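S.K.: here's my sequence, what's the structure:
(2 chains)
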Protein chains: 2
Amino acid sequence: MKKINVAVVGATGLVGTAMIKVLEERNFPVDSLRAFATSRSAGSRVLFRGSEITVEDIESSSFKGIHCALFSGGEIASTVYAPKAVSDGAVVIDNSASFRMDRDVPLVVPEVNPAAVEGHKGIIANPNCSTIQMVVVLKPIHDAAGVVRVVVTTFQSVAGTGKAAVEELESQMSDILAGKPAHKSVYPHQIAFNVLPQIGDFEKNGYSKEEMKMILETQKIMGDETIRVTATTVRVPVKIGHSEALNIETREKITASKVRELLSKAPGVIVADQPERSIYPLPIDAAGRDEVFAGRIREDLSCEKGIEMWIAADNLRKGAATNAVQIGEILLGKGLL
Amino acid sequence: MKKINVAVVGATGLVGTAMIKVLEERNFPVDSLRAFATSRSAGSRVLFRGSEITVEDIESSSFKGIHCALFSGGEIASTVYAPKAVSDGAVVIDNSASFRMDRDVPLVVPEVNPAAVEGHKGIIANPNCSTIQMVVVLKPIHDAAGVVRVVVTTFQSVAGTGKAAVEELESQMSDILAGKPAHKSVYPHQIAFNVLPQIGDFEKNGYSKEEMKMILETQKIMGDETIRVTATTVRVPVKIGHSEALNIETREKITASKVRELLSKAPGVIVADQPERSIYPLPIDAAGRDEVFAGRIREDLSCEKGIEMWIAADNLRKGAATNAVQIGEILLGKGLL
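M.R.: The predicted structure is shown next:
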């Protein structure tokens, strides 16, 4: 297989670190790897295949000679440097929200809409973490019975916010257990022993940005703007792994056992559904894994054509890094890199 | 006002302790208070109005002379001793699930169906904690626009399970922060840094007992069996205070501002709804309070006649102790004690 030059932007963050790990684990055909970050982290080192790579300052660097750049440095980095990377000749797989809803930018989950990469014009967007894990389980149900409406409530880990949030959760826990007050700086409220119904800022309609991402990105990835979605996104004191309660209304009646059967065969899904033995998806079990775990599958008692489900996935991996590397694999497979 | 003799059964548990505190705080006209528990806790002491009361062994005690007995000793204690208390002449306000769905037993939330106490035959049931806080906010909406369907997802604190669960959460947190493995005994999985989509055992239809309580009790309290409810109930690493994401479909269109207006005037509700200033209900703010906090009120983008809402309440107080004492106050007011 052709070997390619890869760059990871935001290489020292939680997602960037996971990207480098996933590139290595999946044996992505990397010829050379370059790591970029802001000047604050430039000069530090990251490990790839046993070798140390010095992190370069994104501001003073060129993307010339790079075939594929994985961006996970946040919206500003993507907005400023992704177009530069493209003009330098790289294909960008961007984990930020900057380009996701652009008509010219494919928004791709490999298990759902791999063919969408074909129309790319230099940038392919990696969807929001909560959206990715949801559409992976919605797709087989949509194909079989037509998804009409989804009511989703999320339980999102602090890793989705970044390293500082994980540290804040741990330090608040320590302080509270020691009888000391909890200091907050990352979140507007204490996250330890609490849950926060806010992820991102709020729109005028009362939904948060994260909730709007789940609504709009789902329609784009599924290629069906008639799918109605509503979301309540909530931060919980979990380190890694997002969980979601999904209420799914379908056009045709579908049984819980049929959903279980479909998901058992679906790519990237593991069915963990023996509640009587306390077997169901858990964020601590999903952490470190690439699959979406699905369970608590049951027919909705409030809606004739409804399915209730509980899912969990590693938001840093399938929700970000793994999905981005999978997009790279598809590009390679199609000769688009 | 007439002074009455009160008993608290399960007096050393979290809810029993809260009951004694709430009786005192609300200045319930207690003449004498007796405290009961199992033999394991008998002989210990509880504090009421500055005096120590010795806990009596429930097994060897009589309820003669007691006007009102508040039960919070679990299903077995209620099943065995509540009928005994009634035959000894007491009116029982029972916090267990034992009698809630009995046709002869009123299931009462004072803000919703206070008149239901009138038909009592000795036992009045206190609803499930998650159900209580939900119906308090559903009622004004139902009266104004007709609630057709509710999709609820809960975030329930460990205090709902009892003292041992609070201790387990804290010890798991300490152990994990110290790099040690987390021991579990109360829950089937680690609860620290995790969320568990299981509260109670499971029914054949895939719903948990807690979820079925929310479905069936809501219809009974609201006095309307056409209200369709589906629930996913989840334990989260919060000490005290349950939160819920509610998706409410109504018969008539109702705006978010109308819901806010209705709830601002509703008994037992505090509207905390300025998300742009990060003001919304939080379990740590609801802990220690008697009201249900409602916020994140918005019109559902997926359903023309839908409302999304986020609520939080103290599950030991409004979800149990306060609601029970309020039932006692209604009985007193109606001359039924």
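S.K.: ok, residue A:225 - how many residues close by?
M.R.: 10 (other Cβ atoms under 10 Å in any protein chain shown). All C-beta spots, glycine's among them, are computed from the backbone N, C-alpha and C.
S.K.: now residue A:304
M.R.: Counted with other Cβ under 10 Å, residue A:304 comes out at 11.
S.K.: what sits against it?
M.R.: residue A:253 (Cβ atoms under 8 Å, 6 or more residues apart in numbering or on different chains).
S.K.: looks to me like it is in a helix.
M.R.: No. Counting by DSSP: H, G, I helix; E, B strand; the rest coil, residue A:304 is not found in a helix; it is coil.
S.K.: how near is it to residue B:195?
M.R.: 29 Å (Cβ to Cβ, to the nearest Å).
S.K.: check residue A:140 too.
M.R.: Using Cβ to Cβ, which is the criterion applied here, residue A:140 is 25 Å from residue B:195.
S.K.: those two: who's more crowded?
M.R.: Taking neighbours as other Cβ under 10 Å, residue A:140 and residue B:195 compare with residue B:195 leading, 28 against 20.
S.K.: got phi/psi on the more buried one?
M.R.: As for residue B:195, its main-chain torsions (degrees, to the nearest 10) stand at phi -130, psi 140.
S.K.: check the spacing between it and chain A real quick.
M.R.: 5 Å (Cβ to the nearest Cβ, to the nearest Å).
S.K.: got the buried residues for stretch A:242-256?
M.R.: For stretch A:242-256, the buried set under the neighbour-count rule, 16 or more other Cβ atoms under 10 Å in any protein chain shown, comprises A:242-250, A:254, A:256.
S.K.: does it come close to chain B?
M.R.: Yes. Applying Cβ under 8 Å from any Cβ of the partner chain, one finds stretch A:242-256 touching chain B at A:243, A:245, A:247, A:256.
S.K.: ok, which pair from those is furthest apart?
M.R.: Farthest apart among the residues of stretch A:242-256 next to chain B by Cβ to Cβ are A:243 and A:256. That separation is 19.1 Å.
S.K.: count the residues that sit near the residue in the stretch 101-250 of chain A that chain B sits nearest to.
M.R.: Scanning the stretch 101-250 of chain A for the residue nearest chain B gives residue A:206, at 2.9 Å (criterion: Cβ to the nearest Cβ). Neighbour count for residue A:206, taken as other Cβ under 10 Å: 19.
S.K.: packing partners for the helix or strand where residue A:154 lies?
M.R.: For residue A:154, the host element (DSSP states H and E) is strand A:147-156. For strand A:147-156, the contact count by 3 or more Cβ pairs under 8 Å, 6 or more residues apart in numbering or on different chains; DSSP states H and E identifies helix A:129-145, helix A:209-222, strand A:228-235, strand A:242-250, strand B:147-156 as packing neighbours.
S.K.: can you redo the ones you listed as a markdown table with distance to residue A:89 and mean pLDDT?
M.R.: Formatted as a markdown table, the helices and strands packed on strand A:147-156 follow (distance: least, Cβ to Cβ, whole Å; pLDDT from 0 to 100):
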| stretch | distance to residue A:89 | mean pLDDT |
| --- | --- | --- |
| helix A:129-145 | 28 | 98 |
| helix A:209-222 | 27 | 98 |
| strand A:228-235 | 37 | 98 |
| strand A:242-250 | 35 | 98 |
| strand B:147-156 | 47 | 98 |
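S.K.: indicate which one of these is closest to residue A:165.
M.R.: So among those, strand A:228-235 is nearest, using Cβ to Cβ, at 8.6 Å.
S.K.: let me know the angle separating the closest one from strand A:147-156.
M.R.: Put simply, strand A:228-235 runs at 10 degrees to strand A:147-156, going by axes from the mean of the first three to the mean of the last three Cα atoms, to 10 degrees.
S.K.: and strand A:228-235, which residues are buried?
M.R.: A:228-235.
S.K.: could you pick out which of these are near chain B?
M.R.: Among these, the residues that sit close to chain B (Cβ under 8 Å from any Cβ) are A:228-230, A:232, A:234.
S.K.: out of the residues you listed, which one sits closest to residue B:70?
M.R.: Nearest to residue B:70 out of these is residue A:234 (Cβ to Cβ; 33.3 Å).
S.K.: wait, the closest one touches residue A:199, no?
M.R.: Yes. Using Cβ atoms under 8 Å, residue A:234 makes contact with residue A:199 at a distance of 7.3 Å.
S.K.: mutual contacts of the two, please.
M.R.: When contacts are counted by Cβ under 8 Å, 6+ apart, residue A:234 and residue A:199 are jointly contacted by A:154, A:156.
S.K.: so what's residue A:49 closest to, chain neighbours aside?
M.R.: Of all residues not flanking residue A:49 in the chain, residue A:24 sits nearest, at 5.7 Å (Cβ to Cβ, 6 or more residues apart in numbering or on different chains).
S.K.: count of residues packed around the one you found?
M.R.: For residue A:24, the count of nearby residues is 16 (other Cβ under 10 Å).
S.K.: for it, give its distance to chain B.
M.R.: Here the distance between residue A:24 and chain B works out to 26 Å (Cβ to the nearest Cβ).
S.K.: can you list contacts of the helix or strand harbouring that residue?
M.R.: Using DSSP H and E, residue A:24 sits in helix A:14-25. Helix A:14-25 is contacted by residues A:6, A:8-11, A:28, A:30, A:33, A:35, A:37, A:46-49, A:70, A:72-73, A:95, A:159, A:162-163, A:166, A:290, A:316-317, A:320-322, A:324-325 when judged by Cβ under 8 Å, 6+ apart.
S.K.: and residue A:73, which of the three is it?
M.R.: With three-state DSSP as the criterion, residue A:73 was assigned coil.
S.K.: give me every residue that touches the spatially closest residue to it that is not a sequence neighbour.
M.R.: Nearest residue to residue A:73, sequence neighbours excluded (Cβ to Cβ, 6+ apart): residue A:10, at 3.1 Å. Going by Cβ under 8 Å, 6+ apart, residue A:10 touches A:16, A:36-37, A:71-74, A:77, A:95.
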